[in-house]
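S.K.: quick check, what structure comes out for this input:
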Amino acid sequence: MDFLDTLDPDLAEVLRSLPAEGFLDWQDLPGTRAGLLQMFAALTADLHDSPNVRKEDRTAPGPEGAPEVPVRIYRPVDSEMPLPCLFWIHGGGMVLGSLAMDDHSLQRVVETVGCVAVSVEYRLAPEHPFPAPIEDCYAALKWTHARAAELGVDPTRIAVGGASAGGGLAAGLVLLARDRGEVPVAFQWLIYPMLDDRNRTPSSHAITEPRVWNRASNLFGWQAYLGLEPGSAGVSPYAAPARAIDLRNLPPAYIPVGSQDLFLDEAADYALRLARAGVPVELQVYPGAFHGSELFAPAAAVSQRMVTDRDQALKRALHPELARAPAALAV
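M.R.: Now for the predicted structure:
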């Protein structure tokens, strides 16, 4: 069956309109990076900054011997402090992307959820392979926790989240935070996360469509990030969280993924392993959705459902008092 025939009709229509050869050229990484940012700029060209959210660019001290880490802070203009916080890590297969590409979506999250968001600009592979990206994220997370009062953040309600490679970095960061014992994490928001360098699941083999993040792109990303062949022995679980043996004592998790995403199997397996380890976890699988499809087709019904579901999951996690409040009677 053709890949397009497996998709939600609204998503298939959008994907069909894209160039058949795709836009990811791994022989020209600088050009691909520039092209991705241009694509995101075009996708968000009609969006405007929210008047209800204030943005501020800062830097956090980097890992020892490394540069400072840029962060962008989003705060509601009129809200009582302190607020819970989403510590956000952008996607891009470990080799692409910038915090700028999530600018509008994070403003929406801040308004919808009622939180502060801190977005981190980590160094990219292959110029900066593991552990540089995750250590950048850890340094910025530690700074966020240490500056909680200044940032108007409740240090007991910090969620770590990310999408795609950012979701994989988020899962690794949560493992690292648990093991170092310096920063408590209240929740992990892992949006179609990139978790397993071994690429041996059926879904990781099945997705070869050039217009989406596919097997070839994923192998390139892992090779760049690890600096060695994906699937090699001795890969750290902080790099590839699916390799972690012990998932106990991790914070609750929410993991959404599409049925036609190459990360479907590893996301589902990680969710099941979290549950078996006693970690509260919610897994959502969206029929006919491909990797990042809500970015390409935000008006599609399945895209809107995906975004609403995950925002509400984060809101429940960061505002447990709302979940416990009695529902109003309908009259």
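
S.K.: in the chain, which spans are helices?
M.R.: 9-16, 29-43, 103-109, 132-146, 148-151, 165-180, 202-206, 215-226, 264-276, 293-296, 301-318, 320-324 (DSSP state H).

S.K.: out of these, which comes closest to residue 61?
M.R.: Proximity to residue 61, assessed across the helices of the chain by CB to CB, is greatest for helix 132-146 (6.3 Å). (Glycine included, C-beta is placed from N, CA and C.)

S.K.: any chance of the helices of the chain in a markdown table, plus mean neighbour count and distance to residue 194?
M.R.: Formatted as a markdown table, those follow (neighbours: other CB atoms under 10 Å; distance: least, CB to CB, whole Å):
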| stretch | mean neighbour count | distance to residue 194 |
| --- | --- | --- |
| helix 9-16 | 17 | 20 |
| helix 29-43 | 14 | 16 |
| helix 103-109 | 20 | 18 |
| helix 132-146 | 23 | 12 |
| helix 148-151 | 14 | 28 |
| helix 165-180 | 25 | 4 |
| helix 202-206 | 15 | 10 |
| helix 215-226 | 22 | 7 |
| helix 264-276 | 19 | 8 |
| helix 293-296 | 22 | 15 |
| helix 301-318 | 18 | 17 |
| helix 320-324 | 9 | 29 |
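
S.K.: to residue 59, which of those helices lies closest?
M.R.: Using CB to CB, the helices of the chain put helix 132-146 closest to residue 59, at 8.9 Å.

S.K.: tilt between the closest one and helix 165-180?
M.R.: 60 degrees (axes from the mean of the first three to the mean of the last three CA atoms, to 10 degrees).

S.K.: what mean pLDDT does helix 132-146 have?
M.R.: The average of the pLDDT scores along helix 132-146 is 98.

S.K.: need the helices of the chain in TSV (columns: distance to residue 3).
M.R.: Below are those laid out as TSV (distance: least, CB to CB, whole Å):
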stretch	distance to residue 3
helix 9-16	8
helix 29-43	20
helix 103-109	26
helix 132-146	30
helix 148-151	44
helix 165-180	22
helix 202-206	9
helix 215-226	12
helix 264-276	14
helix 293-296	12
helix 301-318	16
helix 320-324	38
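
S.K.: how about those, which one is nearest residue 126?
M.R.: helix 215-226 (3.8 Å).

S.K.: touching the closest one from outside, list them.
M.R.: Here helix 215-226 makes contact (CB atoms under 8 Å, 6 or more residues apart in numbering) with 24, 26, 93-95, 125-126, 129-130, 133, 165, 194, 197, 199, 204-205, 207-208, 229-230, 232, 235, 239-240, 262.

S.K.: residue 289 against residue 8, yeah?
M.R.: Yes - Residue 289 is in contact with residue 8 according to CB atoms under 8 Å; the separation is 6.3 Å.

S.K.: picking up where we left off before, derive a ChimeraX selection command for the buried subset of the contacts of helix 215-226.
M.R.: Remark: buried members of the contacts of helix 215-226, expressed as a ChimeraX selection using 16 or more other CB atoms under 10 Å:
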select :24,93,94,95,125,129,130,133,165,194,197,199,204,207,230,235,239,240,262
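
S.K.: in contact with residue 109, which residues?
M.R.: Counting by CB under 8 Å, 6+ apart, residue 109 has contacts 86, 115, 117, 311, 314.

S.K.: report the two of the residues you listed separated the most.
M.R.: Once CB to CB is applied, the contacts of residue 109 give 117 and 311 as the farthest pair, at 12.0 Å.

S.K.: flag the shaky bits of the chain, pLDDT-wise.
M.R.: Low-confidence segments of the chain, defined by pLDDT under 70: 323-331.

S.K.: kindly list the longest strand within it.
M.R.: Looking across the chain with DSSP state E, the single longest strand is strand 153-163.

S.K.: ok now that strand, how far from the chain's centre?
M.R.: 13 Å (CA atoms, centre = their mean, to the nearest Å).

S.K.: neighbour count winner among residue 289 and residue 8?
M.R.: Set side by side, residue 289 and residue 8 show more neighbours around residue 289, with 26 against 22, by other CB atoms under 10 Å.

S.K.: the closest residue to that one other than its chain neighbours pairs with what?
M.R.: With CB to CB, 6 or more residues apart in numbering as the criterion, residue 289 has its nearest non-adjacent residue at 2.9 Å, and that residue is residue 258. Counting by DSSP bridges, residue 258 forms beta bridges with residue 286.

S.K.: count the neighbours of residue 258 for me.
M.R.: With other CB under 10 Å as criterion, residue 258 counts 27.

S.K.: who touches it in this structure?
M.R.: Counted by CB under 8 Å, 6+ apart, residue 258 has contacts 192, 264, 285, 286, 288, 289, 290, 291, 293.
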